[in-house]
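Student: When you get a sec, could you give me coordinates for this:
(one chain, ligands or ions: 2)
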Amino acid sequence: MKKIMVEGQVGGKVYREPFSKGVLSRSLTRAEMDPDRAYTFASKIESDLMEQGVKVINLDDLIVIVREKLRGEGGEIAEKYGLWKRIRRCDEPLIILIGGSSGVGTSSIAFEVANRLGIRNMISTDMIREVMRKIVSKELLPTIYESSYTAYRSLRIPPPPELDEVLIGFRDHVDTVSVGIEAVIERSLKEGISIVIEGVHIVPGFISEDLVKKHNVNMFVLTLQDEEVHKGRFYSRCRQQWARRPLKRYMNYFGAIRRTHKYFESQANKYHVPVIENIDVTTTIDSIIETITKTYGSDDDVK
Ligand SMILES: Nc1ncnc2c1ncn2[C@@H]1O[C@H](COP(=O)(O)OP(=O)(O)O)[C@@H](O)[C@H]1O
Ligand SMILES: O=C(O)[C@@H](COP(=O)(O)O)OP(=O)(O)O
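Tutor: Ligands and ions are numbered 1, 2, ... in the order given. Here you go, the predicted structure:
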């Protein structure tokens, strides 16, 4: 039996490709539909089109049909599918910046948000820092060879006693890594690549205003008010097989980490960056998606 062809446009050029139940079910799973149900749903869409004698269908029309059928099965998945499709089809890339002090959950949440939105690119600021460490000497930029919460130990000039040395070191460390973060954001914008960037170096006020004020650049700060919950996150991470960083170090510097946590909150308030208490993963992700939806409109905004 002849396959149904899906017709779309890339760069003004029309293309046709065979309808694929696998491709459609993968995009449904990103809207959090169970994989088995997604494949069954995709098969039903294909059989309905075949019964109607459809030979070629326009991609936009297919998306409308899928969304309408999803609405019939419960609006939440329809909304998530619609958002994902809008982001994928938008001309501009979506840049998501997730900051917060060590251990609050920025890398875990970043991974989940990237997956939910079908964003294939994700980078941690630790990685950017690692690259920068290879390029500049310890003599020139000593604080980036430290952790964010121990950078004060390598300040070339000790701060005056009335200032918080932990925050002075943290600011120096973050200010340097922010140069690398801006490079990644600029490249992503230039190449039209959606990306999630996460880490302790995403601090409101340290990344160029010209970049963060763009409507498709969204910054968030994660927090944990309860210190015991915060400590628990280090236990949770250091228990995992792949964990290489010793729990003891985080406990020894927990006071310094909490001082950076307080600084994140004050910077986020000062620069009107959304602060999300990262207690429950789903609530955190939904909160981030809800804010982004305002950038990309809701389903009703699409024809
Ligand atoms: N909302 C949450 N609820 C429970 N555990 C979480 C949550 N967010 C993150 N975690 C866990 O906390 C630990 C630290 O999270 P991680 O993302 O590594 O923190 P960060 O990247 O901010 O240092 C990990 O074990 C992670 O699975
Ligand atoms: O510099 C820092 O604060 C942490 C950030 O990493 P996370 O704890 O946020 O993963 O890196 P570290 O030096 O501990 O490897």
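Student: what's V281 in contact with, if anything?
Tutor: G105, S108, I109, E112 (C-beta atoms under 8 Å, 6 or more residues apart in numbering). In short, each C-beta sits where N, CA and C put it, glycine included.
Student: Relative to I285, how far out is the closest residue to ligand 1 within the chain?
Tutor: Ranked by C-beta to the nearest ligand atom, the top residue of the chain for proximity to ligand 1 is G105, at 2.9 Å. G105 sits 11 Å away from I285 when distances are taken as C-beta to C-beta, to the nearest Å.
Student: More neighbours: these two, which one.
Tutor: Counted by other C-beta atoms under 10 Å, G105 and I285 do not tie: G105 has more neighbours, with 23 against 18.
Student: Find the nearest non-adjacent residue to that one, please.
Tutor: The spatial neighbour of G105 that comes closest, neighbours along the chain excluded (C-beta to C-beta, 6 or more residues apart in numbering), is N278 at 4.5 Å.
Student: Longest helix of this protein, counting residues only.
Tutor: helix 165-191 (DSSP state H).
Student: who are the neighbours of that helix, in terms of helices and strands?
Tutor: Judged by 3 or more C-beta pairs under 8 Å, 6 or more residues apart in numbering; DSSP states H and E, the packing partners of helix 165-191 are strand 95-99, helix 125-135, strand 195-199, helix 209-212, helix 254-270.
Student: can those go into CSV with extra columns for mean neighbour count and mean pLDDT?
Tutor: Formatted as CSV, the helices and strands packed on helix 165-191 follow (neighbours: other C-beta atoms under 10 Å; pLDDT from 0 to 100):
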stretch, mean neighbour count, mean pLDDT
strand 95-99, 27, 97
helix 125-135, 15, 98
strand 195-199, 25, 98
helix 209-212, 14, 97
helix 254-270, 18, 98
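Student: could I get the ones you listed as a markdown table with distance to M5?
Tutor: Formatted as a markdown table, the helices and strands packed on helix 165-191 follow (distance: least, C-beta to C-beta, whole Å):
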| stretch | distance to M5 |
| --- | --- |
| strand 95-99 | 34 |
| helix 125-135 | 42 |
| strand 195-199 | 32 |
| helix 209-212 | 41 |
| helix 254-270 | 49 |
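Student: OK, contacts around I257?
Tutor: Going by C-beta under 8 Å, 6+ apart, the list of residues near I257 reads S101, S102, G103, Y149, H230, Y250.
Student: wait, which of the helices and strands packed on helix 165-191 is closest to L155?
Tutor: helix 254-270 (13.4 Å; C-beta to C-beta).
Student: what's the spacing between the lowest-mean-pLDDT helix or strand in the chain and its chain's center?
Tutor: In the chain, no helix or strand scores lower on mean pLDDT, DSSP states H and E than helix 75-89, which sits at a mean of 75. Its chain's C-alpha centre and that of helix 75-89 lie 16 Å apart, by C-alpha atoms, centre = their mean, to the nearest Å.
Student: Tell me which residues of it come out buried.
Tutor: For helix 75-89, a neighbour-count test (16 or more other C-beta atoms under 10 Å) marks I77, A78, E79, K80, Y81, G82, L83, W84, K85, R86, I87 as buried.
Student: Give the closest residue to the second one in space, chain neighbours not counted.
Tutor: In this case it means A78. Excluding the flanking residues, the one nearest A78 by C-beta to C-beta, 6+ apart is L70, at 3.7 Å.
Student: And the fourth one, by the same measure?
Tutor: With C-beta to C-beta, 6+ apart as the criterion, K80 has its nearest non-adjacent residue at 3.9 Å, and that residue is A31.
Student: what does the fifth one give?
Tutor: Leaving aside its sequence neighbours, Y81 sits nearest to A31 (C-beta to C-beta, 6+ apart; 3.9 Å).
Student: What separation do you get for that neighbour and ligand 2?
Tutor: 29 Å (C-beta to the nearest ligand atom, to the nearest Å).
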